[in-house]
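J.: attaching a predicted model along with its sequence, questions to come.
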Amino acid sequence: MEHNKRILSGMRSTNPKLHIGNYEGALRNWVDLQEQGYEMYCMIADWHALTTMFEDSSVIGRNCLEVAKDYVSAGIDPGKSAVFVQSNVKEHAELHLLFSMTTPLGWLERVPTYKEKQADIGGTEREPYGLLGYPVLQTADILLYRPYGVPVGRDQAPHLEIGNDIGTRFNRLFSTDLFQPYKYMIPEDENRAKVPGLDMRKMSKSYDNCIYLSDSADETAAKVKSAFTTPTKIKLSDPGIPEGCAVCQYLKLYSPNWESQWQEDRDGVRGCMQNKRELIEILNEYLRPIREKRASISDDDIRDILHHGAERARVVASATMEKVRSAMGLLP
Ligand code: ADP
């Protein structure tokens, strides 16, 4: 099939920095897929950032440059993969509008993350219309590329499901087979699919509990030292509960010896300080190549990469829009 090797994924530019949850849950998979020869479209979702940041929009453009730097530092090769900003490919807005006409309101009101975000914002007088439509825009982002798969962390699963439903409904309404269901590519390793934060909630920039890819070695060390550990383990000899300890969770992700480290923690023959010391060393070594690459990329390099990435994305996006307009019977 013509679009069999295409992959679309993205992150919002709500923050200038990506965290190790974004990396383990999504970005690392993108790099693997790129190396396996998939045709990658790596988007930075600036319009999505506006759903929660419309009062703070002046930083969103700058954030896009920084997020793109993180993509490239983590191994996305702009020679192989298209790195682009959502608002630079206007077809995303057109397909969003058309899907907003075909998507039942009830589907959107039932999305679990909608209720959560709605509660955060505090009332319908403050809630933007775009928040409810978030999964519709996300579906447009995805289906414009008619991809084989979408690699994301576990938290995105409900949005991906509704996207396939919107595509199937479009096919049925307009008697076409334009949108084939795409695969959800969530890491099989549950530790990577949902990385805990320093406080053991989900790692998320909105909780301020993140280790960022661009943190310095010293910043990373300070964060690990402050991370949540077993509250009842005061002395080294107190038994630990690694399942509930952020430092032990990160050891499981990054240390080849995590099983013996967990056992010793449980048995009270290893203390939290030792866990933290060892983790700081392993994590800083793991992040070193990403930081070094980041330091070598200028703003001009990134602007150039984004310009070319948008050109490549537009080729696919405009071809899909021609098919969409034709299926719906709109004038070309
Ligand atoms: P955040 O939750 O920090 O606002 P985004 O919603 O922009 O991050 O998510 C960008 C990508 O990173 C998505 O694919 C999402 O599933 C993934 N992701 C975010 N947080 C985590 C996490 N803690 N563990 C694994 N993947 C995550």
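T.: Nice, thanks for sending it over.

J.: all strands of this protein, in order?
T.: Here the chain has its strands, by DSSP state E, at 6-12, 39-45, 82-85, 149-151, 183-185.

J.: ok now the fourth one, how far from the chain's centre?
T.: The chain centroid and the centroid of strand 149-151 are separated by 11 Å under CA atoms, centre = their mean, to the nearest Å.

J.: and the second one, by the same measure?
T.: Relative to its chain's centre, strand 39-45 lies at 11 Å (CA atoms, centre = their mean).

J.: any idea of the angle it forms with strand 6-12?
T.: Here strand 39-45 runs at an angle of 20 degrees relative to strand 6-12 (axes from the mean of the first three to the mean of the last three CA atoms, to 10 degrees).

J.: state the mean pLDDT of strand 39-45.
T.: For strand 39-45, mean pLDDT is 98.

J.: ok, residue 151 to residue 206 distance?
T.: Here the distance between residue 151 and residue 206 works out to 22 Å (CB to CB, to the nearest Å). In this view, the C-beta of every residue, glycine as well, is placed from N, C-alpha and C.

J.: near the ligand, which residues of the stretch 101-250 of the chain are found?
T.: Counting by CB under 6 Å from any ligand atom, the stretch 101-250 of the chain comes close to the ligand at 152, 153, 155, 156, 193, 194, 195, 202, 203, 204, 205, 206.

J.: now for the residues you listed: which two are most distant?
T.: Comparing every pair within these by CB to CB identifies 193 and 206 as the most remote, at 18.8 Å.

J.: higher neighbour count, those two?
T.: residue 193 (19 against 12; other CB atoms under 10 Å).

J.: contacts only, for the residue nearest to that one when sequence neighbours are not counted.
T.: Distances taken as CB to CB, 6 or more residues apart in numbering put residue 154 closest to residue 193, at 4.1 Å, once the chain neighbours are dropped. Residues in contact with residue 154 (CB atoms under 8 Å, 6 or more residues apart in numbering) are 25, 186, 190, 193, 194.

J.: okay, now residue 118: neighbour count?
T.: That count, for residue 118 with other CB under 10 Å as the rule, works out to 16.

J.: please disregard the earlier target; I meant residue 130.
T.: 16.

J.: okay, it and residue 213: tell me how far apart.
T.: Plainly put, residue 130 is 28 Å away from residue 213 if you go by CB to CB.

J.: swap in residue 253?
T.: Residue 253 is 14 Å from residue 213, where distance means CB to CB.

J.: quick one on the thing from earlier: helices - which of the contacts of residue 154 land there?
T.: With helices taken from DSSP state H, the overlap with these comprises 190, 193.

J.: can you tell me which of the contacts of residue 154 is nearest the ligand?
T.: Set against the ligand, the nearest of the contacts of residue 154 by CB to the nearest ligand atom is residue 25 (2.0 Å).

J.: wait, the closest one sits on residue 191?
T.: No. If you go by CB atoms under 8 Å, residue 25 and residue 191 don't touch, sitting 10.0 Å apart.

J.: who has more neighbours, those two?
T.: Neighbour comparison, residue 25 and residue 191: the larger count goes to residue 25, with 25 against 16 (by other CB under 10 Å).

J.: check contacts around that one.
T.: Residue 25 makes contact with 152, 153, 154, 155, 186, 187, 192, 193, 194, 195, according to CB under 8 Å, 6+ apart.

J.: swap in residue 323?
T.: By CB under 8 Å, 6+ apart, the neighbours of residue 323 are 176, 178.

J.: gap between whichever residue of the stretch 151-300 of the chain sits closest to the ligand and residue 231?
T.: Relative to the ligand, the nearest point of the stretch 151-300 of the chain is residue 153 (2.4 Å; CB to the nearest ligand atom). Distance check for residue 153 against residue 231: by CB to CB, it reads 27 Å.

J.: equivalent analysis for residue 79, please.
T.: Using CB to CB, we find residue 79 at a distance of 49 Å from residue 231.

J.: neighbour count winner among those two?
T.: Per other CB under 10 Å, whichever of residue 79 and residue 231 has more neighbours is residue 231, with 9 against 6.

J.: now that one: phi and psi?
T.: Dihedral angles of residue 231 (phi, psi; degrees, to the nearest 10) stand at phi -60, psi -30.

J.: can you list the weak-confidence ranges in the stretch 201-332 of the chain?
T.: Judged by pLDDT under 70, the stretch 201-332 of the chain has no weakly predicted residues.

J.: helices along that one, start to end?
T.: Secondary structure of the stretch 201-332 of the chain, counting by DSSP state H, counting those that start in this stretch: helices at 217-225, 246-254, 258-267, 272-295, 299-328.

J.: was I right to think residue 47 contacts residue 85?
T.: No. Residue 47 is not in contact with residue 85 according to CB under 8 Å; the separation is 9.3 Å.

J.: who has more neighbours out of these two?
T.: Neighbours around residue 47 and residue 85, counted as other CB under 10 Å, are more numerous at residue 85. The numbers are 24 against 19.

J.: re the thing from before, which of the helices of the stretch 201-332 of the chain sits most buried?
T.: Highest mean neighbour count among those (mean count of other CB atoms under 10 Å): helix 246-254, with a mean of 22.

J.: thank you kindly, that will do.
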